[in-house]
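[1] let me see the structure of the following:
(one chain, ligands or ions: 1)
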Amino acid sequence: MEDFHQQTRAVHPPVIQPTGARPLMTPIYQGHLFAYEDGETLAAAFAEPAQDSGYFYSRYGNPTVRTFERALADLEGGCDGLATGSGMAAITTVLMAMLRTGDHVIAQSSLYGGTYALLHDLADRWGLELTHVSGEDPEEVRAALRPRTRMLYLETITNPVTQVADLPALAAVAREAGVPVVVDNTFATPVLCRPLEHGADVVIHSATKYIGGHSDVMAGAVVSADPRVHHRIWSQVLKLGGNIDPTTAWLCTRGLATLHMRVMRQSENALFLARRLAGHPAVERVHYPGLESHPQHAIARRLLDGGFGGLLSVDLAGGREAGRAFAESLRLVELAVSLGGTKTLVMHPASTSHRSLDADALAAAGIGAGTVRIAVGVEHPDDLWNDLEQALAKV
Ligand SMILES: *Cc1c(COP(=O)(O)O)cnc(C)c1O
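    Take a look at the predicted model:
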């Protein structure tokens, strides 16, 4: 390099590759280009692009991203994975890959708000046909089937009242009719449930939540059971471009290492709080799949391993005013949306995430004016209970 001018040498620093030892973790390949010794190899990589065969441009594949994709696919029991820049990018990519105008989708009615809005947008502007089902009754799915039904879309555990879909029964009806089943497994994580084992074809995650796990990344992921389905979804992300950034993927891989510990702790904390809250006079009702009073407790016991998740909701007897006073009286627990991080958070769905729903739609979703959602973190359970209890005393 000495022959070159300083400004040229500055553009061409050495690229160090370790010899004799290998990195213990996949490095962050933030650079999105890979150089080739000969044109023929690059042409071959271009001619038949694949996620692994010859990296050349990171939208097609990147070693750091592949580490996360393959690690998550392994935890979910799928053939391969695809990471995206957000959960919504994962959902958009899957819908665009698997559906076309005129196709019919059967979807659970209490879906994540962004998913619900996207499906309705596709129905209004792109000619998708849509039927909502409760997610509780396989016969409802059977009755909704049409010749052009091309997808059954479900969530393992719903927000905020923690409805647990009977995945095996619902998926069986769809499979019998040759209809692919897509499951958003964000709330359960592969620690508690692996939908592919229960008949799903594709699993989606907002890795923003439990997988990232520290409220500091936005990411999404898709895992498929079948390589052809996986390839179709990967081909679609090349066109839509909702790819993940390598540093974010690296943080997601790091999150996977502690996912089991965090989800177990969050589940223990949530069950502890759910039981305490259920006995408190200011609380009308607790929604938590781990409680025997939960309408799908039996399904949850069959479907979820080792715990019932970190999310619960309470209906406060005092309605909207009580909900607000409670949230504002907390000292340790923070008032914030989202879930899956280390800190315990509360929010009031009727005035935030579900504010666009009218009274009937709120009631249908099981949300009351006094419903407060608690996304449980990994703090000491006594500290959490003490904070909730002092705040309940103020409502
Ligand atoms: C948050 C969330 C999404 C959307 O994910 P983003 O990462 O926010 O784009 C989708 N599904 C569920 C169940 C979620 O909780």
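
[2] now the closest residue in space to Val164 that isn't next to it in sequence: phi and psi?
    Among residues not flanking Val164 along the chain, Gln296 sits closest, at 4.0 Å (C-beta to C-beta, 6 or more residues apart in numbering). C-beta coordinates here come from the backbone N, C-alpha and C atoms, glycine included. With angles defined as degrees, to the nearest 10, Gln296 sits at phi -110, psi 30.

[3] and Gln296, how many residues sit next to it?
    The tally of other residues near Gln296 (other C-beta atoms under 10 Å) stands at 18.

[4] check what pLDDT it gets.
    Note on Gln296: pLDDT of 97.

[5] is it true that it touches Ser134?
    No. Using C-beta atoms under 8 Å, Gln296 is not in contact with Ser134; the gap is 11.1 Å.

[6] how about stretch 92-105: buried residues?
    Buried residues in stretch 92-105, counted by 16 or more other C-beta atoms under 10 Å: Thr92, Thr93, Val94, Leu95, Met96, Ala97, Met98, Leu99, Asp103, His104, Val105.

[7] next, work out how far apart Leu167 and the ligand are.
    Leu167 sits 15 Å away from the ligand when distances are taken as C-beta to the nearest ligand atom, to the nearest Å.

[8] just Ala336 next, same as before
    Noted for Ala336: a distance of 13 Å to the ligand, by C-beta to the nearest ligand atom.

[9] can you show me the strands along the stretch 251-395 of the chain?
    With strands called from DSSP state E, counting those that start in this stretch, the stretch 251-395 of the chain shows them at 283-287, 311-316, 334-335, 345-347, 371-375.

[10] tell me which of these is the most buried.
    The highest average neighbour count among those, using mean count of other C-beta atoms under 10 Å, belongs to strand 371-375 at a mean of 27.

[11] neighbouring contacts of it?
    159-161, 270, 273, 310-316, 323, 326-327, 333, 338-341, 344-350, 388 (C-beta atoms under 8 Å, 6 or more residues apart in numbering).

[12] which parts of this structure sit against the ligand?
    Contact residues, the chain versus the ligand (C-beta under 6 Å from any ligand atom): 86-88, 112, 114-115, 155, 184, 186-187, 206, 208-209, 218, 220.

[13] per-residue pLDDT, the residue in the stretch 201-350 of the chain that the ligand sits nearest to?
    Going by C-beta to the nearest ligand atom, the ligand is nearest to Ser206 of the stretch 201-350 of the chain, at 3.0 Å. Per-residue confidence (pLDDT) for Ser206: 98.

[14] measure it to Gly81 for me?
    Relative to Gly81, Ser206 is positioned 14 Å away (C-beta to C-beta, to the nearest Å).

[15] and if you look at Leu95?
    Distance of Leu95 to Gly81, given as C-beta to C-beta: 17 Å.

[16] filter the buried residues of stretch 92-105 down to the ones in strands?
    Counting by DSSP state E, the buried residues of stretch 92-105 place His104, Val105 in strands.

[17] out of the buried residues of stretch 92-105, which is nearest to Val11?
    Thr93 (35.2 Å; C-beta to C-beta).

[18] surely that closest one and Arg232 touch.
    No. Thr93 lies out of contact with Arg232 (C-beta under 8 Å); the separation is 10.1 Å.

[19] number of nearby residues for the residue of the stretch 1-150 of the chain found nearest the ligand?
    Across the stretch 1-150 of the chain, the shortest distance to the ligand (C-beta to the nearest ligand atom) belongs to Gly87, at 2.2 Å. Look at Gly87: counted by other C-beta under 10 Å, it has 24 neighbours.
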